[in-house]
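Asks: Sequence first, predicted coordinates after that:
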Amino acid sequence: MRQPKGVWFKSSKSGPNCDNCVEVRDGRVVDVRDTKDRGGPVLTFAPASFAAFASAAAGGQFGR
């Protein structure tokens with residue numbers, strides 16, 4: 001399900017006590033931050049670049 005633009009959200013795959021989770025905010029750009037450090041740095045991506053990354057990750061291109 002797509003989240004409203006401008007709202008931070010954590011992956012549905014993240015557990016309540018997850019210590020390596022990120023949050024994403026979708027808008028004119030896609031922002032990504034560490035859930036544990038919400039006041040810390042934010043990575044910003046063009047929407048098409050983030051979509052390509054997410055698709056590759058979902059397709060297993062990065063291993064694991």
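Replies: Structure's in. What do you need? Everything numeric here is computed off the predicted structure, so don't read it as measured data. Numbers count the residues shown, from 1 in each chain.
Asks: CA only for contacts and neighbour counts going forward, please
Replies: Noted.
Asks: so what's the residue positioned nearest the centre of the chain bridging to?
Replies: Residue closest to the average C-alpha location in the chain (C-alpha atoms, centre = their mean): residue 24, at 3.6 Å. With DSSP bridges as the criterion, the beta-bridge partners of residue 24 are residue 9, residue 32.
Asks: wait, it sits on residue 31?
Replies: Yes - with contact defined as C-alpha atoms under 8 Å, residue 24 and residue 31 form a contacting pair (5.6 Å).
Asks: Now do the end-to-end distance for stretch 39-57.
Replies: Across stretch 39-57, the straight-line distance between its terminal residues is 26 Å, by C-alpha to C-alpha, to the nearest Å.
Asks: now the closest residue in space to residue 19 that isn't next to it in sequence, what's its secondary structure?
Replies: Closest residue in space to residue 19, ignoring its immediate chain neighbours: residue 36 at 7.4 Å, by C-alpha to C-alpha, 6 or more residues apart in numbering. Secondary structure, DSSP: H, G, I helix; E, B strand; the rest coil: residue 36 is coil.
Asks: gap between residue 36 and residue 48?
Replies: Taken as C-alpha to C-alpha, the spacing of residue 36 relative to residue 48 amounts to 26 Å.
Asks: same question, residue 57
Replies: When C-alpha to C-alpha is applied, the distance between residue 57 and residue 48 equals 14 Å.
Asks: about what we covered before: can you give me the pLDDT of the residue nearest to residue 19?
Replies: We note a pLDDT of 85 for residue 36 in this prediction.
Asks: Quick one: neighbours of it, just the number.
Replies: Residue neighbour count, defined by other C-alpha atoms under 10 Å, stands at 13 for residue 36.
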